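**Q** okay, predicted coordinates and the sequence, questions at the end:
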Amino acid sequence: MRYLVLALVAFISGFSAIFFRPFSKLIAGIANILTPGQKFKTNVFKNEDELRELVDQAHERGLVEEDEHEMIHSVFELGETLVRELMVPRTEMVWIEHDKTLRQALSLALRSGYSRIPVVGENIDQIVGIAYIKDLAKRSHDHHEAEQSEKVEQLMRPVVFVPEIKSAAELLKDMQRDQIHLAIVVDEYGGTAGLITIEDIIEEIVGEIADEFDDEDEQFVWLSDDKLRVQAKVHIEDLAAELEIDLDPTLAEDVDTIGGLMAKVLGRVPIPGSTFNLAGWKVTAERPVGRRRRISSVIMEREESEVAL
């Protein structure tokens, strides 16, 4: 099974026939042993259809599990998937200004959970580099004074740009060849459309990787009379009903959830510790979950002036 997946990836990624031939011969040989009466050729598979046929027949005979069958077909479909379908959109990107200090960058990394952060110039459409937290941490460890005196732009690495219409399979091959982990996706006008990591592409093949702490918590958990935990995906109208408050209708324009509202008010992606005030309540972003570190819940506390005496 492992050899089959390797061969499929090789086929989709466009490796040479010299590399692919040994795997295809091995697969055919194994298939002929495991599926009596069906003679697969031992020469190189000529096209994708032959590989698909082998996978489907193996699945029908119970040699390939359902999830494995789906994963292998996802490899085929990767060649038809565009980068813009897998990227993290610009509205969900965490970034840092080029003139921030190393300490500020390290703080952002610790709070957000990201180890690579895009560095912007005048605005998000001007990505000037990528800050690798391991670079910043090493510099800070070796020269403690650098935390305050040096800027992120002094240690950032070059940025790689890719068009949003590029094939995900081609990008995966490029990333493997050039040892790239993150690329900035640009639209047809050269603006920042989002970012994509090699993990985003791999996740498209194997499926979403759930965090061990992901769960289906209740939407509202009252911690005291003046404090509660709210899931970030809760609809704004449901929140207003739970708190028995009236919200400005303009606040809900273009957003539906409390997490979306926080991002709108802050003007950037919320990270743990981000706060804003809402109708007499202090809202604080709490727990990030998943590989993309999205905020899953917020803590809401009634402001002192609103607490009944």
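**A** Okay, I see it.
**Q** which residues touch K227?
**A** With contacts defined as C-beta atoms under 8 Å, 6 or more residues apart in numbering, K227 is in contact with 299-302. For the C-beta atoms, the positions are set from N, CA and C on the backbone; glycine is no exception.
**Q** which pLDDT value belongs to it?
**A** Predicted confidence (pLDDT) at K227: the value is 91.
**Q** hey, what's it bridged with?
**A** K227 forms beta bridges with S224, E301, as assigned by DSSP bridges.
**Q** quick one on the thing from earlier: who wins for most neighbours among the contacts of K227?
**A** With neighbours taken as other C-beta atoms under 10 Å, the top of the contacts of K227 is M300, carrying 22 neighbours.
**Q** tell me where the stretch 151-300 of the chain has strands.
**A** For the stretch 151-300 of the chain, the strands defined by DSSP state E, counting those that start in this stretch occupy 161-163, 182-186, 192-197, 220-224, 227-231, 275-278, 281-285, 288-289, 294-295, 297-302.
**Q** out of those strands, which is closest to A109?
**A** strand 288-289 (12.4 Å; C-beta to C-beta).
**Q** quick one: the strands of the stretch 151-300 of the chain as JSON lines, columns for distance to E145 too.
**A** Supplementary listing: the strands of the stretch 151-300 of the chain in JSON lines, determined by distance: least, C-beta to C-beta, whole Å:
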{"stretch": "strand 161-163", "distance to E145": "34"}
{"stretch": "strand 182-186", "distance to E145": "29"}
{"stretch": "strand 192-197", "distance to E145": "32"}
{"stretch": "strand 220-224", "distance to E145": "42"}
{"stretch": "strand 227-231", "distance to E145": "40"}
{"stretch": "strand 275-278", "distance to E145": "31"}
{"stretch": "strand 281-285", "distance to E145": "32"}
{"stretch": "strand 288-289", "distance to E145": "31"}
{"stretch": "strand 294-295", "distance to E145": "34"}
{"stretch": "strand 297-302", "distance to E145": "36"}
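**Q** which of these has the lowest mean pLDDT?
**A** With a mean of 70, strand 288-289 has the lowest mean pLDDT of those.
**Q** what lines up beside that one in the sheet?
**A** Its sheet considered, strand 288-289 pairs with strand 294-295 (antiparallel) by DSSP bridges.
**Q** if we look at the strand it pairs with, which residues are touching it?
**A** Under the contact criterion C-beta under 8 Å, 6+ apart, strand 294-295 has outside partners 92, 232, 259, 262, 270-272, 274, 285-288.
**Q** check stretch 160-168 too.
**A** Here stretch 160-168 makes contact (C-beta under 8 Å, 6+ apart) with 78-87, 127, 171, 174, 178, 180, 182-188, 193-194, 196, 201, 204.
**Q** repeat that for 6 Å
**A** 78, 81-84, 86, 171, 180, 183-187, 193, 201 (C-beta atoms under 6 Å, 6 or more residues apart in numbering).
**Q** and that stretch, what's buried?
**A** Neighbour counts using 16 or more other C-beta atoms under 10 Å place 162, 164, 166, 168 of stretch 160-168 among the buried residues.
**Q** of all those residues, which two lie farthest apart?
**A** Maximum pairwise distance among the buried residues of stretch 160-168 (C-beta to C-beta): 10.9 Å, between E164 and A168.
**Q** on that earlier part again, mind checking which of the contacts of stretch 160-168 are buried?
**A** For the contacts of stretch 160-168, buried by 16+ other C-beta under 10 Å: 78, 81, 83-84, 86, 171, 183-186, 193, 201.
**Q** nearest to S149 among those?
**A** Using C-beta to C-beta, I184 comes nearest to S149 of the buried ones among the contacts of stretch 160-168, at 28.0 Å.
**Q** so that closest one bridges to which residues?
**A** I184 has the following beta-bridge partners by DSSP bridges: F161, L195.
**Q** so who does it touch?
**A** Each residue near I184 by C-beta under 6 Å, 6+ apart is listed here: 127, 159, 161, 195.
**Q** using JSON lines, please lay out these together with distance to L110.
**A** Shown next, in JSON lines, are those (distance: C-beta to C-beta, whole Å):
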{"residue": "I127", "distance to L110": "22"}
{"residue": "V159", "distance to L110": "22"}
{"residue": "F161", "distance to L110": "28"}
{"residue": "L195", "distance to L110": "20"}
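**Q** of those residues - the most surrounded one?
**A** L195 (25 neighbours).
**Q** so how far is L247 from that one?
**A** The gap separating L195 from L247 is 32 Å, by C-beta to C-beta, to the nearest Å.
**Q** for R103, same thing?
**A** Separation of R103 from L247 (C-beta to C-beta) stands at 37 Å.
**Q** do T91 as well
**A** Remark: distance between T91 and L247 (C-beta to C-beta) = 21 Å.
**Q** higher neighbour count, the two?
**A** Between T91 and L247, counting by other C-beta under 10 Å, L247 is the more crowded of the two (15 against 12).
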